[in-house]
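Chemist: I would like the atomic coordinates for the input below:
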Amino acid sequence: MEKAWWQKSTIYQIYPRSFNDSNGDGIGDIPGIIEKLDYLELLGIDIIWLSPVYQSPNDDNGYDISNYYDIMPDFGTMEDMERLIEEAKKRDIHIMMDLVINHTSDEHAWFKESRKSKDNPYRDYYIWRESGDGPPSDIQSVFSGSAWEWDEQTGEYYFHLFSKKQPDLNLHNSEVREHLYKMMNFWLSKGVSGFRMDVIDLIGKEVDENVLTDGPKLHEYLQEMHEKVLSHYPTVTVGETPSATPETAQLYTGKGRNELDMVFTFQHMSLDERAGEGKWALKELDFVELKKVLSEWQTSLFQKGWNSLYWNNHDQPRIVSRWGDDQEYRITSAKMLATVLHMIQGTPFVYQGEEIGMTNSNWDDITQYRDIETINYFHEKKTEGVPEGEIMKSIRTKGRDNARTPFQWNDDTHGGFTEGNPWIEVNSNYKKINAEQAVKDQDSIFHHYQKLIALRKRLDILVYGEYELLLGDHPEIMAYTRKWEDQTLLVVANFYGGNPEFHLPEAADDSHAEMLISNYSDTSERPSELQSLRPYEAIVYLLGK
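Modeler: Numbering: from 1, shown residues only. The predicted structure follows:
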């Protein structure tokens, strides 16, 4: 397989609003990120994925961009951004920008022009339709309600798959695409190393045919983007593609197709929701299905594409609260979840606070929440007569603000995030869970992540080895091997809080087994001696030379 610089890398996502506030206004900012680069260097990460810092009225926390060439004053200035790129580079850390090109803000200059008249030169930059009798179609916004918004000025509807303040761009217009390529070149020439592409599977949509994801021209546009922009720089790209399957991921990431390096799959993230009912419809995780889905992605893309690996991001609840145990076994289960993910093939993503085991916020009052999707859902369900307790249970479990509470740096007021009043409350457990304590404690989750990241840099088998699932039907154990040249890596993990028994298939001679990492201090040095695992126990062995 062709080797790329980012394949041994670990990517760390920063949600700037919640990371570190340098000026006391309660909002994280770019100078605050610069202050913490030494912490990230200590962790060992190679790339920062920076959630949007562009100029924005902030209707959807920066994913509604009003100027791609400027920085939101809340976050700092262009000079701050240039300094971040420079200071990160000194520590061998790359910056990956968030690229939002499916939509802009309704305050973007293009949209302001577009809505002035039907014959305005910018009219076709967005998706406008006539309709005399209500919305042109029944397509619904992801953030509740119709995806069509009536605009009085010209008597037509415009299309918005997200907030009504986020009108969708019309990428079938070649001028729009050229403007976007120019903007991407602007950032790459400043020294950023690539892009995480927001909902990129939507850019080929054909709204009149009700085709939203995977439109017929999607891959053509991605190949054009690669030719006109990405091929001119040593970039790393990952596409957010909720619709992707292992088969379509081969199209996005396949060798020689010249599209993207990786995509985010959502299949494993929807296994604790009732099928077809959306993320708020809760159900227990189907663990055997989780193993099956992860394994399908591993085997389908092996030597054909590349996986991105994640449990957490700014849109997902905290994994230790979701599929671990955020109380008695918080540290052990967080280490287990990290081990299982970081030992499979692909590029791991760590979301801020994951490496210290930050947990869900568990707030009961809707006024504590800031996320537009969460607030819209609450009011929609209240109107439908759903009991408030039931609504809040879903929000506490799946709401995006679980991931957006301020980073817990120390046990000072507001977790050391700000000297002012934070834009959203800090989780009340910050005195117990914070980075300062985690860095001091050699047995912490932080140091476990540090070891996992270092192993990926050191061992080619982790990067290139072939994956094989073991014990696929076991209801509690996740076990798999990675094979590369004459080495075998064996990973055995208990996903739950019991003491399950199991029998590994006859493995290679383990008399020379090296136990690489474990989340218990007294783990068996040889896998052949294992017959059961303790709660959330996870062990990695290297067999062979």
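
Chemist: can we go C-alpha only for contacts and neighbour counts from here?
Modeler: Noted.

Chemist: so Ile27 makes contact with Asp21?
Modeler: Yes. Between Ile27 and Asp21 there is a contact under Cα atoms under 8 Å: 5.5 Å.

Chemist: Can you pick out the residue with more neighbours from the two?
Modeler: Ranked by neighbour count (other Cα atoms under 10 Å), Ile27 and Asp21 place Asp21 first, with 28 against 24.

Chemist: Leu516 against Leu543, yeah?
Modeler: No. Between Leu516 and Leu543 there is no contact under Cα under 8 Å: 10.2 Å.

Chemist: re earlier: what sits in contact with each of Ile27 and Asp21?
Modeler: Common neighbours of Ile27 and Asp21, using Cα atoms under 8 Å, 6 or more residues apart in numbering, are Thr418.

Chemist: so which helix or strand takes in Phe186?
Modeler: helix 174-189 (DSSP states H and E).

Chemist: Can you point out the buried residues in that helix?
Modeler: Val176, Arg177, Leu180, Tyr181, Met183, Met184, Asn185, Trp187, Leu188 (16 or more other Cα atoms under 10 Å).

Chemist: do the same with stretch 133-146
Modeler: Neighbour counts using 16+ other Cα under 10 Å place Pro135, Pro136, Ile139, Ser141, Phe143, Ser144, Gly145, Ser146 of stretch 133-146 among the buried residues.

Chemist: Of the residues you listed, which pair is most distant in space?
Modeler: Pro136 and Phe143 (18.3 Å; Cα to Cα).

Chemist: just to revisit the earlier point, please say which of Leu516 and Leu543 ends up with more neighbours.
Modeler: Between Leu516 and Leu543, counting by other Cα under 10 Å, Leu543 is the more crowded of the two (22 against 16).

Chemist: all strands for the stretch 101-250 of the chain, in order.
Modeler: For the stretch 101-250 of the chain, the strands defined by DSSP state E, counting those that start in this stretch occupy 128-129, 148-151, 156-159, 194-197, 236-240.

Chemist: ditto for the stretch 251-400 of the chain
Modeler: 262-264, 308-309, 347-351.

Chemist: What secondary structure category should be reported for the residue nearest to Trp423 when sequence neighbours are not counted?
Modeler: The shortest distance from Trp423 to any non-neighbouring residue, by Cα to Cα, 6 or more residues apart in numbering, is to Gly26 (5.4 Å). Using DSSP: H, G, I helix; E, B strand; the rest coil, the structure places Gly26 in coil.

Chemist: tally of neighbours for Gly26?
Modeler: Taking other Cα under 10 Å as the criterion, the count of residues near Gly26 is 23.

Chemist: Settle this for me: it is touching Gly416, isn't it.
Modeler: No. Using Cα under 8 Å, Gly26 is not in contact with Gly416; the gap is 11.0 Å.

Chemist: and for those two, which residues touch both?
Modeler: Residues touching both Gly26 and Gly416 (Cα under 8 Å, 6+ apart): there are none.

Chemist: List the buried residues in stretch 68-82.
Modeler: Buried residues in stretch 68-82, defined by neighbour count with 16+ other Cα under 10 Å: Tyr68, Asp70, Ile71, Met72, Asp74, Phe75, Gly76, Thr77, Met78, Asp80, Met81.

Chemist: meant to ask about stretch 453-466, not that
Modeler: By neighbour count with 16+ other Cα under 10 Å, stretch 453-466 contains the buried residues Ile453, Ala454, Leu455, Arg456, Ile461, Leu462, Val463, Tyr464, Gly465, Glu466.

Chemist: For those, work out which two are farthest apart.
Modeler: In these, two members sit farther apart than any others by Cα to Cα. They are Ala454 and Glu466, at 19.8 Å.

Chemist: Using JSON lines, please lay out the strands of the stretch 101-250 of the chain together with mean neighbour count.
Modeler: Below are the strands of the stretch 101-250 of the chain laid out as JSON lines (neighbours: other Cα atoms under 10 Å):
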{"stretch": "strand 128-129", "mean neighbour count": "20"}
{"stretch": "strand 148-151", "mean neighbour count": "19"}
{"stretch": "strand 156-159", "mean neighbour count": "22"}
{"stretch": "strand 194-197", "mean neighbour count": "23"}
{"stretch": "strand 236-240", "mean neighbour count": "22"}
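
Chemist: Turn the ones you listed into CSV, columns for mean pLDDT.
Modeler: Converted to CSV, the strands of the stretch 101-250 of the chain look like this (pLDDT from 0 to 100):
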stretch, mean pLDDT
strand 128-129, 98
strand 148-151, 97
strand 156-159, 98
strand 194-197, 97
strand 236-240, 96
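
Chemist: In a markdown table, list these along with distance to Asn494.
Modeler: As requested, the strands of the stretch 101-250 of the chain are exported to a markdown table (distance: least, Cα to Cα, whole Å):
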| stretch | distance to Asn494 |
| --- | --- |
| strand 128-129 | 53 |
| strand 148-151 | 47 |
| strand 156-159 | 47 |
| strand 194-197 | 32 |
| strand 236-240 | 30 |
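
Chemist: Of the ones you listed, which is nearest Arg400?
Modeler: strand 236-240 (16.2 Å).

Chemist: Using CSV, write down the CA coordinates of that closest one.
Modeler: Output of strand 236-240 as CSV, limited to C-alpha atoms (Å, rounded to 0.1, in the frame of the first residue of the first chain):
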residue,chain,number,x,y,z
VAL,A,236,-4.7,15.4,4.5
THR,A,237,-8.5,15.3,4.1
VAL,A,238,-11.4,13.7,5.8
GLY,A,239,-15.0,14.0,4.6
GLU,A,240,-18.0,13.9,6.9
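
Chemist: roughly how far out does it sit from the chain middle?
Modeler: 10 Å (Cα atoms, centre = their mean, to the nearest Å).

Chemist: Adjacent strands (with direction) for it?
Modeler: strand 194-197 (parallel), strand 262-264 (parallel) (DSSP bridges).

Chemist: Find the centremost residue of the chain, please.
Modeler: Asn313 (3.7 Å; Cα atoms, centre = their mean).

Chemist: Chain neighbours aside, what residue packs nearest to it?
Modeler: Computed as Cα to Cα, 6+ apart, the closest residue to Asn313 that is not its neighbour in sequence is Tyr351, at 5.3 Å.

Chemist: Check Asp315 too.
Modeler: That would be Arg400: by Cα to Cα, 6+ apart, it lies 4.9 Å from Asp315.

Chemist: Ala438 too?
Modeler: Spatially, and ignoring its direct neighbours in sequence, Ala438 is nearest to Ser444 (5.4 Å; Cα to Cα, 6+ apart).

Chemist: these two touch, right, the one you found and Ser333?
Modeler: No. Here Ser444 does not reach Ser333: they are 11.9 Å apart, not a contact under Cα under 8 Å.

Chemist: Look at those two and report which has more neighbours.
Modeler: Using other Cα under 10 Å, the more surrounded residue of Ser444 and Ser333 is Ser333, with 31 against 21.

Chemist: ok, now how distant is the more buried one from Glu149?
Modeler: 45 Å (Cα to Cα, to the nearest Å).

Chemist: How about Gly472?
Modeler: Gly472 sits 48 Å away from Glu149, taking Cα to Cα as the criterion.
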